[in-house]
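1. show me the folded form of this:
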Amino acid sequence: MSIITETAAAPDRKVVWITGGGTGTGRSVAAAAARAGWGVVLSGRRAAPLEETAAAITRDGGAALALPLDVQDVQAVAAARSAVVEEFGRLDGLVLAAGLNAPRRRWDDQDIAAVHDIIATNLSGPATVIDAALPDLRRSGGVVVVVSSYAGWTFSPGAGVAYSASKTALGPLVRTLNQQEAPHGVRACHLCPGDIATDFLDQRPEVPDEAARAVMLTPDDVARTVQFVLDSPPHVRIDELVLSPVSQR
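-> This next block holds a predicted model:
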């Protein structure tokens, strides 16, 4: 566990826990949340990017906690949730941005071990983190942003078997959470962004060139949308949002 904080325990500071928070979209989400005054908890598999992101946030006067973990590890997720509450005393939001895909993504060439890994990261991972954090979110009337995909909103042939199935299943995950936890004030959003110009594109069978990336969403585009959801009033629930570049096909 690596802690880098500035007045982290301020009782009036809302706290958001971001998975996939060290790079790409997750990093931009973390920076936007910190600028909006939220304490930020960063999780992901690689410690170095998390610590770099946390250091950048604290240099700008924010509060950040880096907690490396694999969202597939139930015990690690539970331990991280305990560390969040111990450090900040509260948890008000989740942004679940950890994701995985593979270049081999068709029935005729996929690796079934990779299929299981993708589904575990994209679907079981969010369920595990939500389950661990739910008691805290009930107390705070918290908000959950599940970063899904355009492929989770409508069929996208190129997304692949495992990615399409796992991201599509996030819709019902969010809907059941909203239906069952509304009495506690918990709100969840199924956020479905289209193509984003990040390193995640390197997992495609044909990696987009710079010209293709130039017309995609940027991580900051998604971060602004996430922050809009996080900062919405407690009586407002944004069930689903689709965010796509004009170039999306």
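2. switch to C-alpha atoms for all contacts and neighbour counts from now on
-> Noted.
3. next up, the contacts around S156.
-> S156 makes contact with Y150, S164 under the criterion C-alpha atoms under 8 Å, 6 or more residues apart in numbering.
4. from D239, how far out is it?
-> Computed as C-alpha to C-alpha, to the nearest Å, the S156 to D239 distance reads 21 Å.
5. residue boundaries of the helices in the chain?
-> Secondary structure of the chain, counting by DSSP state H: helices at 24-35, 47-59, 74-88, 112-119, 125-140, 150-153, 161-168, 170-181, 210-214, 219-230.
6. same list (the ones you listed) but as TSV, adding mean neighbour count, distance to L100 and mean pLDDT.
-> Below are the helices of the chain laid out as TSV (neighbours: other C-alpha atoms under 10 Å; distance: least, C-alpha to C-alpha, whole Å; pLDDT from 0 to 100):
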stretch	mean neighbour count	distance to L100	mean pLDDT
helix 24-35	24	13	97
helix 47-59	20	17	96
helix 74-88	17	18	97
helix 112-119	16	5	98
helix 125-140	20	11	98
helix 150-153	23	13	97
helix 161-168	23	8	98
helix 170-181	17	14	98
helix 210-214	11	19	94
helix 219-230	19	16	98
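7. could I get those as JSON lines with distance to P103?
-> Formatted as JSON lines, those follow (distance: least, C-alpha to C-alpha, whole Å):
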{"stretch": "helix 24-35", "distance to P103": "19"}
{"stretch": "helix 47-59", "distance to P103": "23"}
{"stretch": "helix 74-88", "distance to P103": "27"}
{"stretch": "helix 112-119", "distance to P103": "10"}
{"stretch": "helix 125-140", "distance to P103": "21"}
{"stretch": "helix 150-153", "distance to P103": "16"}
{"stretch": "helix 161-168", "distance to P103": "11"}
{"stretch": "helix 170-181", "distance to P103": "22"}
{"stretch": "helix 210-214", "distance to P103": "18"}
{"stretch": "helix 219-230", "distance to P103": "22"}
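8. between those helices, which gets nearest to I196?
-> Comparison of the helices of the chain against I196 by C-alpha to C-alpha identifies helix 219-230 as nearest, at 6.5 Å.
9. what is the orientation angle of the closest one with helix 24-35?
-> Computed by axes from the mean of the first three to the mean of the last three C-alpha atoms, to 10 degrees, the angle separating helix 219-230 from helix 24-35 equals 50 degrees.
10. pairing partners for the strand ranked longest in the chain, with directions?
-> If you go by DSSP state E, the chain has its longest strand at strand 187-193. With DSSP bridges as the test, strand 187-193 is paired with strand 143-147 (parallel), strand 240-243 (parallel).
11. just want the angle from it to helix 161-168.
-> Counting by the same axes, to 10 degrees, strand 187-193 lies at 140 degrees to helix 161-168.
12. count the neighbours of the nearest residue to D111 once chain neighbours are set aside for me.
-> Spatially, and ignoring its direct neighbours in sequence, D111 is nearest to R104 (7.1 Å; C-alpha to C-alpha, 6 or more residues apart in numbering). Counted by other C-alpha atoms under 10 Å, the residues lying close to R104 total 17.
13. repeat for the one 5 residues further on
-> The number of residues packed near D109 is 9, by other C-alpha under 10 Å.
14. from L243, how far out is it?
-> D109 is 30 Å from L243, by C-alpha to C-alpha.
15. picking up where we left off before, for Q203, which of the strands paired with strand 187-193 is the nearest?
-> When the strands paired with strand 187-193 are compared by C-alpha to C-alpha, strand 143-147 sits nearest Q203, at 17.6 Å.
16. residues making contact with the closest one?
-> Strand 143-147 is contacted from outside by 92-97, 126, 137, 170, 174, 186-193, 226, 229-230, using C-alpha under 8 Å, 6+ apart.
17. which residues touch the residue nearest to D111?
-> R104 is in contact with Q110, D111, P205, counting by C-alpha under 8 Å, 6+ apart.
18. how about those in CSV, adding neighbour count?
-> Formatted as CSV, the contacts of R104 follow (neighbours: other C-alpha atoms under 10 Å):
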residue, neighbour count
Q110, 16
D111, 13
P205, 13
